[in-house]
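>>> What would the 3D arrangement of this be:
(2 chains)
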Amino acid sequence: EPEVTQTPSHQVTQMGQEVILRCVPISNHLYFYWYRQILGQKVEFLVSFYNNEISEKSEIFDDQFSVERPDGSNFTLKIRSTKLEDSAMYFCASSLVSGGFGYTFGSGTRLTVV
Amino acid sequence: AQTVTQSQPEMSVQEAETVTLSCTYDTSESDYYLFWYKQPPSRQMILVIRQEAYKQQNATENRFSVNFQKAAKSFSLKISDSQLGDAAMYFCAYRSAKAGGTSYGKLTFGQGTILTVHP
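This next block holds a predicted model:
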């Protein structure tokens, strides 16, 4: 069964450093998403991406965050200057269509900011 | 905007017994999808069961079933014959069925319910 792959599984970074989280969505999917889950809390939507541009973003997704699909296969989330409160699990997901079933999550990247 | 509420922060059940996790949601849409995800300690998101709002028949997947009450906007998960491996955090989630709609397919999650299974 096709998978969404996320790397690394765990990343530790110093406060103020830039970090890039990587995702390889399912190859024929068209919609891509990032979610964040602070430990013990609910999963929160960050951003959706379609046709090489952001289609929707939440209030969490401020100027410190950016996404891109640099080579047609990878989908990255960049945090420019990490803060302690960015420590969380980050999930990538992809979908063939914007509605319907067929929504697949990656296994997540645990980001720890020290 | 849609909201999803899970009013039970924690639930517990004895092994082999049945437990029901509650979920309510608020939406003005008539067509949508509802999901239950399981999140074990590994924190991976595992799809348990899903329901299309236009289908009146409740979804079932082996020991997992839902009670979907569209008018009441309720979507509870029943786990029968509970097993130790069912212990996890469970999230209810909503997704619009509108292709290309303004929500662009994002999932809206509830706060989660921690399920403990006692041997």
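
>>> tell me which parts of chain A are close to chain B?
By CB under 8 Å from any CB of the partner chain, the residues of chain A that approach chain B are A:31, A:33, A:35, A:37, A:41-45, A:48, A:50, A:55-56, A:89, A:91, A:93, A:95, A:97-101, A:103, A:105, A:107-108, A:110. (Each C-beta comes from the backbone N, C-alpha and C, glycine too.)

>>> Point out where chain A drops to low pLDDT.
Flagging of chain A using pLDDT under 70 yields the residue ranges A:98-100.

>>> Check it and tell me which residue is nearest its centre.
residue A:34 (3.2 Å; CA atoms, centre = their mean).

>>> if I read this right, it contacts residue A:78, doesn't it?
No. The pair residue A:34 / residue A:78 is not scored as a contact, 10.6 Å apart, by CB atoms under 8 Å.

>>> anything in contact with each of the two?
Residues touching both residue A:34 and residue A:78 (CB atoms under 8 Å, 6 or more residues apart in numbering or on different chains) are A:21, A:67.

>>> all strands for chain B, in order.
B:3-5, B:10-14, B:19-21, B:24-26, B:32-39, B:46-52, B:60-61, B:64-69, B:74-79, B:88-96, B:108-109, B:113-118 (DSSP state E).

>>> could you dump those strands to CSV with mean neighbour count and distance to chain A?
Output for the strands of chain B, formatted as CSV (neighbours: other CB atoms under 10 Å in any protein chain shown; distance: least, CB to the nearest CB, whole Å):
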stretch, mean neighbour count, distance to chain A
strand B:3-5, 16, 9
strand B:10-14, 14, 12
strand B:19-21, 19, 14
strand B:24-26, 16, 13
strand B:32-39, 22, 6
strand B:46-52, 18, 6
strand B:60-61, 12, 13
strand B:64-69, 18, 14
strand B:74-79, 21, 15
strand B:88-96, 24, 6
strand B:108-109, 22, 4
strand B:113-118, 17, 9
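
>>> how many other residues sit next to the closest residue to chain A within chain B?
Chain B approaches chain A most closely through residue B:105 (3.7 Å), counting by CB to the nearest CB. Using other CB atoms under 10 Å in any protein chain shown, residue B:105 has 30 neighbouring residues.

>>> pretty sure it is touching residue B:95, no?
Yes. Residue B:105 is in contact with residue B:95 according to CB under 8 Å; the separation is 6.4 Å.

>>> Residue A:10 and residue A:107 touch, don't they?
No. In this structure residue A:10 lies outside contact range of residue A:107 using CB under 8 Å: 11.0 Å.

>>> With adjacent residues omitted, what lies nearest to the residue nearest to the spatial centre of chain B?
Note on chain B: the residue nearest the mean C-alpha position is residue B:36, at 2.9 Å, using CA atoms, centre = their mean. Spatial nearest neighbour of residue B:36, excluding adjacent residues (CB to CB, 6 or more residues apart in numbering or on different chains): residue B:48 at 4.3 Å.

>>> ok, the one you found to residue B:108 distance?
Look at residue B:48 and residue B:108: by CB to CB, to the nearest Å, they are 17 Å apart.

>>> okay, the strands of chain B in TSV with mean pLDDT and distance to residue A:4 next?
Compiled in TSV, those are given as follows (pLDDT from 0 to 100; distance: least, CB to CB, whole Å):
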stretch	mean pLDDT	distance to residue A:4
strand B:3-5	96	22
strand B:10-14	98	29
strand B:19-21	98	26
strand B:24-26	97	25
strand B:32-39	94	14
strand B:46-52	94	12
strand B:60-61	94	21
strand B:64-69	97	23
strand B:74-79	98	24
strand B:88-96	94	16
strand B:108-109	95	17
strand B:113-118	98	25
